[in-house]
Structures are given as structure tokens and as C-alpha cells.
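Asks: Here is a sequence together with a model predicted from it:
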Amino acid sequence: MPGERPRKTAKPAPPELAERRPVVDTYHGVSVRDGYRWLEDGTKRDVRRWTAAQDQRARVFLSGLPQRRAIARRLREISKRGFTRYGRMRYAGGRLFALRFDSRQERPRLVVFDSMQDLSHERLLLDLQQLARPGVTVDLNLFEPSSSGRLLAACVSEGGSEEGDMHLYDVESGDRLTDVIPRAQRIGGSAVAWAPDDRGFFYVRHPLQGERPPEDLDFYQQVYFHQVGSSHTVDTYALGKEFPRIAEVELAGLPDRERYLVIVAHGDGGQFEHWTGDGRSPWIRVSGSTDEISKAGLGRDGSLYLVSRKGSPRGRLLRVPSPDATVDQAELVLPEGEWIIDDIVATPSYLFLTQQLGGVGRLGRLDLGTGKLEEVPTPPNSSIREVTPLDGDRVLFEANAFLRPPSYFLLEGKGVPSATPLSCTPPADLSGWSVARDFATSKDGTRVPMSIVVPEGFERNGSRPLILVGYGGYGISMLPQYLVWFAPWLERGGLVAIANLRGGGEFGEDWHHQGMLTKKQNVFDDFIACEEYLCREGYTSNDRLGILGGSNGGLLMGAVLTQRPDLPRAVVADIGVFDSLRAECDSNGQFNVTEFGTVKDAGQFRALYAYSPYHHVSDGTRYPAVLLSTGENDRRVPPFHSRKMAARLQAATSSHEPILLRASDRWGHGPTSVSEIVGLLSDQMAFFADRLGLASSPPIRRSTRRAAA
């Protein structure tokens, strides 16, 4: 049988209900009561003690669930078989630099290849596990090789904090140089643009102590130039006094000439301005935030290519021909088409366009000589990621799919892509499943696509447990990616569905705008429609439905949980934003106001208050089972959101379903080590299995095999 009938499931120990200490705020004449404001300060002893007790209760319960041990054993087996992928590819000086994620290693490693066709040429540059102090995790937030490939700039942070200092390394010897640049890292990543002769580089940093008031030290990013071998105290200011307080800055450069691009995001809502320069003359502001330029890339001849969404939400391609020209003087290269342009990579003869439509990707190749655009042959039903320019017209790209491990292809200009040894052998056999595409109809009539992973011979009779995953924000599209960590769930008969909600970028900038600011409710309506559709059409049933989301997807979980608690049987929300009225009170939250809105604006406050999950928990409601997880070092979504949501739900629910808070002091915005990932996923899948009645039998035997979608 694909599933077992839901039964009486295990119960955790009664929770320690948090004390209510009411605080009342007034917004635009509206009084808002907050009973758990005291849980926001994680440095207080009573907050730490309550959180530790909640975490202990959750872990004891989860570790005792019937299927937890078998699921964890299967995940460890998959990790030991070796699932390897490469990311953040950089090519410099004839070498390929990459972050190597290997499930047999606790943490990623920074490696360099002299030849991507022979993995024996792989050489270790930085081993994050060796850099870690006892009991403290480390992450590589930023690295950039010099133009010659002889030097490397890298920033390492601890404990998931995403904050660290930049160091320089000699690539040949692996030795760390004496250069140290403080505060060169921002949350979410930054960039470095090296000068062609390796003498130094432009970089982005936050203000140093004494440069601005304490409340401004996480804002006002600016660009500086560092000369190799010198002290950061003599670094030269380049650009940034004109940038807004919530600027998030990235850099790019050409390897063989003094031509630089500065990309300035006005917060996280998708508004950008772009600057170019040669490092000596005054910088040119090419476009402003009202020009709606979503992507930009330097051509090998020094020209600038732009993706404009002004009047063309799916993107049209422009070219700014000279270094002193602006967007007003741009030439049209490619008009808006059906496929959305997500990114552009230039070689001497071609532009390679990463494109997608409705959650399925493709790679376009535009001949700069003829102006002809053609589709590059890639695996079906894939997403195309990380198109890395090499030398000449060669590029390396990654194709990702739900049921196949990432594949890496070499494309030589006009030729056909050829597979490289960078692809890995599948650590789990997912050949017995396929991906169905279906559509739900949202409250306002909008069709919302879903990808649903189903086994061979699947019948829609409502008997299968199903996990529905969603995000819906920041213009981020939910594209195919390898579901290897869901193997224990699929093998026992469970289904997985991924929803392409408004707020993402699956159908262009209009799709994003329909799910942001005062229209955020559309995202929740879309997801609720997907829940209803999956149950109505027999993919699953209400007592077999689980929902899952993280970060902005955690906000989604909280909103649909409070608006329709009758729909799912179990909810897992990772690192979620739940108190929408207090989200902008921390530094990173202020970068999000361009996506979510601000309580300072009356209309935006009304929209935020109308859906804020924490404020819509209702006493006496029968809430489903809920598992919240958070990282105590998270600087993107502060852990107080999960603390307050857990406290409010535990006090309000009238059901006997568990409300659990799993809090880790070893990570920030999600786990990054293999053991932490396996531990969290084991808990979550065991939680879903227990609540949704997943079969406990061994993995399904399959007699037929075919290529996975």
C-alpha cells in the first residue's frame, strides 16, 4: 500500500507555555497587542532558557518517532554514496575555480581545476572543515580569483552569521597573505572586481566603527579599491556616497581591460541602478531604479548589455555601445518574447541567455553577428544555472532537474553541448518517478502551475501522503532542482509537489509584482488553491497533506496556516517571518521593505496587518501539527519570529496536535553542514511520516526503468 491510514500518533510532552507580557503598539490609529515581545531578545537568560526547553522537547519527540531512525539511516546512506555538485564557478588564468559540495564531506571545499575534463587535476585550495574552530561552523561567503588566477580573495564567516573579513591567498602555494579587509561581506554575498594586472581590486564594504553612528553600521555600502600588499586603512574610496541607505552592491569586471560594472540594488524588491567606469575617470550612472533594468552584463568589447523590463515584463535586451553612454542611448538587441530572460553572459561572438517560462528553463544563444537567437539543446524539463564564460566563445553551464543529479556541459560557441566529468553518479535511483505538470485556479482566476512528482502507475485515489512546497517572493522562480534528499519519502510512496506562485519570477516581472507589497495576499491565495486542487483531484487528501516552506516560504506557511488551518494535516516552516509588523525592526528587515512594505505607510501597514501570521493566530482554533525551525545566528530572519509564533500557537490551539520549536545555535539562515542537513531533514520527514501516515515498508521495488523527467 502507498500509505497507511492516519492513526493515533505519538504525543510530545506538554509544552512550557510562555508567559504573556503584553505590549501595545499603535500604527495609524490601530492598537496592536503583542503578548510575547519579550521573546525577541535572545540575549536574555529567560529567553535562552525557554528556547532551550522548547528545542529539547522537540528533539526528544522527533527522535522517538517510529520512522525517524530508518529515514536518517537512508539519508546517511545516500550521503555516503557521494552526491557531488559544484557551484559559484569562476574561470581565471586558464583555471576553473569552484565550491565543491560533497555529501561525504561535512562542509564544502574550494577547489581549482587545470582541466575540467580530467578530475584528477582537481586541487584543494580551502577546506572549510579545517578552518573551523571546535564547535563552530564556518561558511565561505565570497571568493573571487584574480584576472591571472594567481591570487584569490575570500571571505569566511562563522556560525552561519554571514559576516567576516576578507583575506587574500596565493593560489599556487595556498598560503594566506597578510592583507585583511574588515567588514567586506554583506548578508547574501558580495563581489570583487580585480584589475587586469592583479595589482588590486574593487570591493564592497560596510562602514567601519567611527565612520557612521552604530545604528547605521549595517547600511550604506560603498565601493573601495585595495592594492595588494597594503593595509586596508589606505584603501581608496571609489563610489557609493550617492547610494541609498539600503543599497546592496555587487561588482563585475573584464579580465583583460579596465572596465567595471557596479550593480546597486535598492533593497530586496527588485529595483536596481547600474554604474560603469574604468577605475580612473568619473563613474557613469547608466540606469536608475525607475528604468527597470533587471540584469546587466559586460560585453567582451566593453559594451554593456541590459535586460529591461520597462513596458516589457518578460524582458527585452538592450546594448549600451560606449563607456560614457546611458540607458537612454541604448540600442534594441532583442525584443520581448514569450520566454523570460533571467540572466545574460557575453562571449566575443555570442550572448548566452538563461531563460525560463513557468518554472522550466532553457539556454538561448544569440549570435552577435547575425542577431539570430536559437535554443541550445539541453536535457528536457531542466533549469539552466551558472553559465560560466571560459576563454573564447566557450561556456560551462549546469542543467538541473527534479529527478536527475546536476549535469555540467561544455559548450564551444556554435557547437553542441558536451557532458563533462563534473556530473556525478546518482546516489539514489529515482528512475521510477516522473514529473506531472498541472494547474490550480487561484481566487481571482489566475492559473498557478505545479510540478508533481509521482511514481509509475500512479492512481489519483487520495491515498498518498503529499508534501507541497512553496515560496512566492523576491521574483525568485521555483525551478527544477534535484530532489535526492526526498528519496526516503518517495521510496515509501509519498508524493512531492512544487508550486510556482505569484511573487516569483516564473512569468516575468508582472508575476512578481502581483505577489509583493500590498498584493502579497495573492501568494497565499495561490498556495491555498494548490492545496485544494491536490485534494480535490485525488493526488492526496486533507488528512494526507503536508506543507513545507522556508524563509519567505516560512512566511507563506504561517499565513496559509492561520488563514486555512483546516487544509493541511502537518506544517513545517523553516526560518520563517511570522511577525510582519516587527520584521523591519532588525537591520536586514529594512532591506526587505521594498518587497514586503513598511508599517510607516498606512496602506502597506493595513496589508501587512491583514496577513501577519503571528497576529492571526486565534484562540481555540484546531491547528494542525506544526514544526518550526530556526537558527540562533540567523541575520536574515531573526529567530524571534519562530519563538513568538511557537509561543502563540501553543497557547491558542485547541487540538492535540504538537506545536514544536526546533532551534539550533550552530547555524544561521539554515544548516550548511551535511550532518546538520541530514539531521533536520530526518526530523522533518519523520514528522510528516508520522502525521500523514506514510508507509513504513522498505523502498518500493520497481521492475521497469526509464529516463526520469
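Replies: Okay, I see it. Residues are numbered from 1 along each chain as shown.
Asks: By mean pLDDT, flag the weakest helix or strand of this protein.
Replies: helix 128-131 (a mean of 80; mean pLDDT, DSSP states H and E).
Asks: got a list of contacts for it?
Replies: Residues outside helix 128-131 that contact it (C-beta atoms under 8 Å, 6 or more residues apart in numbering): 105-110, 138-140, 156. (Each C-beta comes from the backbone N, C-alpha and C, glycine too.)
Asks: same thing but 7 Å
Replies: 105-109, 138-140, 156 (C-beta atoms under 7 Å, 6 or more residues apart in numbering).
Asks: so how many other residues sit close to P613?
Replies: By other C-beta atoms under 10 Å, 28 other residues sit near P613.
Asks: Then A53?
Replies: 14.
Asks: Please, which helix or strand holds it?
Replies: helix 45-63 (DSSP states H and E).
Asks: Remind me what that helix packs against, helices and strands.
Replies: Helix 45-63 sits against strand 659-664, helix 674-692, with contacts defined as 3 or more C-beta pairs under 7 Å, 6 or more residues apart in numbering; DSSP states H and E.
Asks: quick one: that helix to strand 659-664, angle?
Replies: 110 degrees (axes from the mean of the first three to the mean of the last three C-alpha atoms, to 10 degrees).
Asks: Now helix 45-63 - C-alpha only, PDB.
Replies: Only the C-alpha atoms of helix 45-63 are listed here, as PDB (Å, rounded to 0.1, in the frame of the first residue of the first chain):
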ATOM      1  CA  ARG A  45      18.600  34.500  30.200                       C
ATOM      2  CA  ASP A  46      14.800  33.700  30.400                       C
ATOM      3  CA  VAL A  47      14.600  33.700  26.600                       C
ATOM      4  CA  ARG A  48      17.500  31.400  26.200                       C
ATOM      5  CA  ARG A  49      16.200  29.100  28.900                       C
ATOM      6  CA  TRP A  50      12.700  28.900  27.400                       C
ATOM      7  CA  THR A  51      14.100  28.400  23.900                       C
ATOM      8  CA  ALA A  52      16.400  25.600  25.100                       C
ATOM      9  CA  ALA A  53      13.500  23.800  26.800                       C
ATOM     10  CA  GLN A  54      11.400  24.100  23.600                       C
ATOM     11  CA  ASP A  55      14.300  22.700  21.500                       C
ATOM     12  CA  GLN A  56      14.900  19.800  23.900                       C
ATOM     13  CA  ARG A  57      11.200  18.900  23.900                       C
ATOM     14  CA  ALA A  58      11.100  19.000  20.100                       C
ATOM     15  CA  ARG A  59      14.200  16.900  19.600                       C
ATOM     16  CA  VAL A  60      13.100  14.200  22.200                       C
ATOM     17  CA  PHE A  61       9.800  13.900  20.500                       C
ATOM     18  CA  LEU A  62      11.200  13.800  16.900                       C
ATOM     19  CA  SER A  63      13.900  11.300  17.800                       C
END
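Asks: Only the buried residues of it, if you could.
Replies: Judged by neighbour count using 16 or more other C-beta atoms under 10 Å, the buried positions of helix 45-63 are 47, 50-51, 54-55, 57-59, 61-62.
Asks: what's downstream of that helix, the next helix or strand?
Replies: That would be, after helix 45-63 and using DSSP H and E, helix 68-81.
Asks: In a markdown table: the buried residues of helix 45-63, plus pLDDT and distance to A583.
Replies: Conversion of the buried residues of helix 45-63 to a markdown table gives the following (pLDDT from 0 to 100; distance: C-beta to C-beta, whole Å):
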| residue | pLDDT | distance to A583 |
| --- | --- | --- |
| V47 | 97 | 19 |
| W50 | 98 | 22 |
| T51 | 98 | 19 |
| Q54 | 98 | 21 |
| D55 | 97 | 23 |
| R57 | 97 | 27 |
| A58 | 97 | 24 |
| R59 | 97 | 27 |
| F61 | 97 | 29 |
| L62 | 97 | 28 |
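Asks: quick one, strands of the stretch 401-550 of the chain?
Replies: 407-412, 418-419, 433-441, 447-455, 466-469, 495-499, 545-550 (DSSP state E, counting those that start in this stretch).
Asks: Quickly note the distance from the spatially most central residue of the chain to S551.
Replies: The centre of the chain sits closest to I476, judged by C-alpha atoms, centre = their mean, with a distance of 8.0 Å. Separation of I476 from S551 (C-beta to C-beta, to the nearest Å): 10 Å.
Asks: follow-up on the earlier one: okay if I get the buried residues of helix 45-63 as a markdown table plus distance to D683?
Replies: Below are those laid out as a markdown table (distance: C-beta to C-beta, whole Å):
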| residue | distance to D683 |
| --- | --- |
| V47 | 23 |
| W50 | 20 |
| T51 | 17 |
| Q54 | 14 |
| D55 | 11 |
| R57 | 13 |
| A58 | 8 |
| R59 | 8 |
| F61 | 9 |
| L62 | 4 |
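Asks: Hmm, G415 and R394 touching each other?
Replies: No - in this structure R394 lies outside contact range of G415 using C-beta atoms under 7 Å: 9.2 Å.
Asks: Compare those two (neighbour count), which wins?
Replies: R394 (15 against 11).
Asks: Which pLDDT does the model give that one?
Replies: Predicted confidence (pLDDT) for R394: 96.
Asks: ok, it to G457 distance?
Replies: For R394, the distance to G457 equals 44 Å [C-beta to C-beta].
Asks: do the same with G164
Replies: Taken as C-beta to C-beta, the span from G164 to G457 is 51 Å.
Asks: out of those two, which sits in the more crowded spot?
Replies: G164 (20 against 8).
Asks: For the more buried one, list each beta-bridge partner.
Replies: S157 (DSSP bridges).
Asks: Could you verify my assumption that it touches N141?
Replies: Yes - G164 lies in contact with N141 (C-beta under 7 Å); the separation is 6.4 Å.
Asks: Phi and psi next, for D343.
Replies: phi -160, psi 160 (degrees, to the nearest 10).
Asks: thought it was touching Y305?
Replies: No - with contact defined as C-beta under 7 Å, D343 does not reach Y305; the gap is 10.7 Å.
Asks: So which of those two has more stuff around it?
Replies: Y305 (23 against 17).
Asks: I figured the more buried one hits G297, correct?
Replies: Yes - using C-beta under 7 Å, Y305 is in contact with G297, at 5.0 Å.
Asks: any shared contact partners between those two?
Replies: 344, 346.
Asks: Now do stretch 11-29, average pLDDT.
Replies: 95.
Asks: Quick one: distance of it to the chain centre.
Replies: How far stretch 11-29 lies from its chain's middle: 30 Å, per C-alpha atoms, centre = their mean, to the nearest Å.
Asks: Buried residues, it. List them.
Replies: 15, 18.
Asks: Please name the nearest non-neighbouring residue to H656.
Replies: Distances taken as C-beta to C-beta, 6 or more residues apart in numbering put K11 closest to H656, at 6.8 Å, once the chain neighbours are dropped.
Asks: same thing with W283?
Replies: In space, W283 is closest to G277, 4.1 Å off (C-beta to C-beta, 6+ apart).
Asks: Measure how buried that neighbour is and give me the count.
Replies: G277, neighbours per other C-beta under 10 Å, totals 20.
Asks: my guess is it meets I284, correct?
Replies: Yes - contact status for G277 versus I284: in contact at 6.4 Å, counting by C-beta under 7 Å.
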